[in-house]
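Visitor: Starting from these lines, generate the structure:
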Amino acid sequence: MTEPIVELHGATITQEERAVLENVSFELEKSEFAYLVGRTGAGKSSLLKTLYADLPLLVGRGAVAGYDLPSLPARKVPYLRRRLGIVFQDFQLLSDRSVAENLLFVLNATGWRGKARKQQRVQEVLTQVGLSGVGGRMPYRLSGGEQQRVVIARALLNEPALLLADEPTGNLDPEVAEGIMELFAEINHAGTAILMATHNFQLLEKHPHRVLTCQGGQLLDSGRR
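Guide: Numbers count the residues shown, from 1 in each chain. Take a look at the predicted model:
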C-alpha cells in the first residue's frame, strides 16, 4: 500500500478559533480525484486552507504529501506548498506582469535556477494547459477561462503531487467550465491527485468522482460505506 497524499484523523478544522468541522477523518490516495461540496460557510475553504497550512491543525492528526500538519514549523510550510498546486477562484495573477513573468515569479520564489531551464518550464506548463502562445500577453488581455488556465499552469510549475482547487469554475460560463474540467481530467490521469471545492452540481453529475460533503459541522464521505 502506498502512503495517501492526504490523511486526516479526528481533526477539528478551525477558522478564527471557531470550530467549523469536527472529527474529520478521510484519506485521499495518490492520483485520486474528489470533490468537496457544501453550503457557503460550511467549511470547504477552511479545510483546504488547513491542508496547505494556512490554518493550523490544533486537534487531531493530519499529513499532506508526507508533511505532518500539527508539528509543521512555519519555516517548513513553503516546502509543503512546493508539493502542492493551489488554484483559486479569483485568479490572483499579478496584473503588472505578463503571463510568463507571473510564472517566472513563482519559479524564482521556489528556488529554481538557470534562466533557460525556467523559461523551458514556463513553456511546458503553458503548452500543457493549451496556451502555448500567450506568454508575452498581460493577464487583462485574456478571457476569464484563459486566465484560469494560466492559474492552473502556475499551480503545475513544481509538478505537484496534489492539486487543491477552490471553486475553479465559479466565475466561468458553462462551456468554459467544461474545458477546465477536461483539463483537470488530463492532469489527474497523468498522476496528480485533485481535491476540488465546488458549488456546481452539474459538474459532479457529468464528471462523477468521490464526493466529500461539509454539512452540519461534519464531513460526509460518499466513498465511505
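
Visitor: residue ranges for the helices of the protein, please.
Guide: Under the criterion DSSP state H, the chain carries helices at the ranges 44-51, 77-82, 99-109, 115-128, 144-156, 174-189, 201-206.

Visitor: Ok, which of the ones you listed comes nearest G66?
Guide: helix 77-82 (8.8 Å; Cβ to Cβ). The C-beta positions use only the backbone N, C-alpha and C, and glycine is treated the same way.

Visitor: Same list, the helices of the chain, but as TSV with mean neighbour count, mean pLDDT and distance to G135 please.
Guide: Formatted as TSV, these follow (neighbours: other Cβ atoms under 10 Å; pLDDT from 0 to 100; distance: least, Cβ to Cβ, whole Å):
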stretch	mean neighbour count	mean pLDDT	distance to G135
helix 44-51	23	95	29
helix 77-82	16	92	22
helix 99-109	18	94	4
helix 115-128	15	95	6
helix 144-156	22	92	10
helix 174-189	16	92	18
helix 201-206	12	90	29
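
Visitor: Tell me which of those approaches F33 most closely.
Guide: Of the helices of the chain, nearest to F33 by Cβ to Cβ is helix 174-189, at 4.8 Å.

Visitor: Render the CA-only coordinates of the closest one in CSV, please.
Guide: Presented in CSV, the C-alpha positions along helix 174-189 are these (Å, rounded to 0.1, in the frame of the first residue of the first chain):
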residue,chain,number,x,y,z
PRO,A,174,-20.6,26.5,-18.5
GLU,A,175,-18.8,25.9,-21.8
VAL,A,176,-15.5,27.3,-20.4
ALA,A,177,-16.0,25.4,-17.1
GLU,A,178,-16.3,22.2,-19.1
GLY,A,179,-12.9,22.9,-20.7
ILE,A,180,-11.4,23.4,-17.3
MET,A,181,-12.9,20.1,-16.1
GLU,A,182,-11.4,18.3,-19.2
LEU,A,183,-8.0,19.8,-18.3
PHE,A,184,-8.3,18.6,-14.7
ALA,A,185,-9.1,15.1,-16.0
GLU,A,186,-5.9,15.2,-18.1
ILE,A,187,-3.9,16.4,-15.1
ASN,A,188,-5.4,13.7,-12.9
HIS,A,189,-4.8,10.9,-15.4
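
Visitor: what's across from the residue nearest the centre of the chain in the sheet?
Guide: For the chain, the residue nearest the mean C-alpha position is L164 (1.7 Å; Cα atoms, centre = their mean). Beta bridges link L164 to I86, L195, judged by DSSP bridges.

Visitor: Surely it is in contact with L48?
Guide: Yes. Between L164 and L48 there is a contact at 5.2 Å, judged by Cβ atoms under 8 Å.

Visitor: what sits in contact with each of those two?
Guide: Common contacts of L164 and L48 (Cβ atoms under 8 Å, 6 or more residues apart in numbering): L195.

Visitor: picking that back up, quick one, grab the pLDDT at the residue nearest to the centre of the chain.
Guide: Reported pLDDT at L164 in the predicted model: 96.
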